[in-house]
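> attaching a predicted model along with its sequence, questions to come.
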Amino acid sequence: MRVEAIEWVDAKAAARAIRTVAARTFRPTDIERINGRIRAEGNAAVLELTNEFDAIDSPLEALRVDPAESRTALEQLDSTLRESLELAIANVRTVAEAQVGDDLHTEALPQGHTVTIRTVPVGSAGVYAPGGRAAYPSSVLMCAVPAQTAGVDRIALASPPGPDGCVPAPVLATAALCEIEEIYAMGGAQAIFALALGTEEVRPVDVIAGPGNAWVQDAKRAVHGTVGIDSYAGPSELMVVASANTDPRAAALDLCAQAEHGEGGVLALASTDPAVIDAIGSAAIEIAETGAVDPGALISTILVPSAGEAISLANALAPEHLELLDPDAATLAGEVTTAGCVFAGVAGATAFGDYVAGSNHVLPTGGAGRFSGPLGPGTFRRKIATVEVPPEAAAKLAPHVDTIARAEGFPVHGESAMIRARDSK
């Protein structure tokens, strides 16, 4: 792990510098090739790619996982882990349910017609739980519970198999806890394309949600429009705002924890106190020397002129996670406008949000917090408008439709409204 100082000029310049020095060490160059192969070859291509990248010791013959494997994994799951997963599911469900309000709103307009807005769930959702470096049962519940709360009938889970050709048992057990039976042993870009396009074995879905590496995120960009997506969620990011009251080792552990996710992430540390920056940086290097984190991880440090400028930097950077390890965290948090999730207070480690706090760990990265937010039930719901125009309202509205339509060069639009006005007399 390296610690590199960035000279302060202003918030926007510092944010650009952080993203520049933390640029991905690799970029997928074969996304379109994978897309083309799955469109042309379907299941055969997904199987070949999955066996090439994941199930290298025991190649798969089919993508679909027998639901009995999930039930068996749950029965064999360590009881302590099961208790923790059930706590996480309950907390995420509580927060998700609080986000689902009235799904019907009718507005009566002065001309005598009504416009009703209904909110309905999408028909199907694809959930992606990453693999490779580790198994992520937490990503299963973070995606599945909001989708279920939204009312989605069909949820399909995709997760990479290990070298033995099997989806890791904790992922399968969590799927059983969430009552998901449609599970596919496939990962990476090929999983995203299969969920979006469908194959002989995989039925396509309406929305795809879940975190992942650069391959996964670029594949989500490629299919956005064919299906809905949650956001661009990965690689992991954390910005820490520290003060003289911050425990250096605690802050260093928070930064190193995010480095456990692997390459390509953003790690930033801002403070008004150079001694605090030095102490946290030294502690992070010491922790990294244990070998638990990505050796190529980089922490960008910024000496800011004030706490207010630290928040300006956070708003310019739009980090996935933002920790305000400051006694005034509650006040500062109210000034944050772009972070995916803000952890306020000295005990507010990002790890709580990653697992059991009830907030969602599927969050926008790469600056996407400027226009999107945490995964929630809204990701899996869509609005439908119903317009009821009685004859008397048609008579009042039609001349205005005709005027605007003719101004745009669409006289038939106007006629289709005016005939209703004539019929109402």
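Arrived safely, thanks for sending.

> did I read that right, residue 241 in a strand?
Yes - assignment of residue 241 by DSSP: H, G, I helix; E, B strand; the rest coil places it within a strand.

> hang on, it packs against residue 268?
No - checked against Cβ atoms under 8 Å, the pair residue 241 and residue 268 is beyond contact range at 9.3 Å. From N, CA and C alone the C-beta is placed, and that goes for glycine too.

> ok, the nearest residue to residue 319 once chain neighbours are set aside - contacts?
In space, and not counting its chain neighbours, residue 319 is closest to residue 239: 4.1 Å by Cβ to Cβ, 6 or more residues apart in numbering. Contacts for residue 239 (Cβ atoms under 8 Å, 6 or more residues apart in numbering) come out as 266, 268-270, 313-314, 317, 319, 321-323, 339.

> nearest to residue 82 among those?
The shortest approach to residue 82 among these belongs to residue 321, at 26.8 Å (Cβ to Cβ).

> which residues sit in contact with the closest one?
Counting by Cβ under 8 Å, 6+ apart, residue 321 makes contact with 236-239, 258, 339-341, 343, 350, 353, 363.

> let's have these in CSV, adding secondary structure, distance to residue 302 and pLDDT.
Output for those, formatted as CSV (DSSP: H, G, I helix; E, B strand; the rest coil; distance: Cβ to Cβ, whole Å; pLDDT from 0 to 100):
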residue, secondary structure, distance to residue 302, pLDDT
236, coil, 19, 87
237, strand, 15, 93
238, strand, 14, 96
239, strand, 9, 97
258, helix, 17, 90
339, coil, 16, 94
340, coil, 19, 94
341, strand, 20, 95
343, strand, 19, 95
350, helix, 19, 95
353, helix, 23, 95
363, coil, 21, 94
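
> any quick PyMOL command for the buried ones out of these?
Buried residues among those (16 or more other Cβ atoms under 10 Å), as a PyMOL selection:
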select buried, resi 236+237+238+239+258+339+340+341+343+350+353+363
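
> figure out the helix or strand that residue 323 lives in.
strand 321-325 (DSSP states H and E).

> that strand pairs with which strands?
strand 237-242 (parallel), strand 341-344 (parallel) (DSSP bridges).

> can I get those strands in CSV with distance to residue 184?
Shown next, in CSV, are the strands paired with strand 321-325 (distance: least, Cβ to Cβ, whole Å):
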stretch, distance to residue 184
strand 237-242, 28
strand 341-344, 29
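
> for residue 70, find the nearest of those strands.
Using Cβ to Cβ, the nearest of those to residue 70 is strand 341-344, at 29.1 Å.

> now stretch 279-287: mean pLDDT?
Per-residue pLDDT values across stretch 279-287 average out to 95.

> quick one: contacts of it?
So stretch 279-287 is in contact with 1, 3, 240, 242, 246, 248-249, 251-253, 255-256, 269, 271, 293, 299, 301, going by Cβ under 8 Å, 6+ apart.
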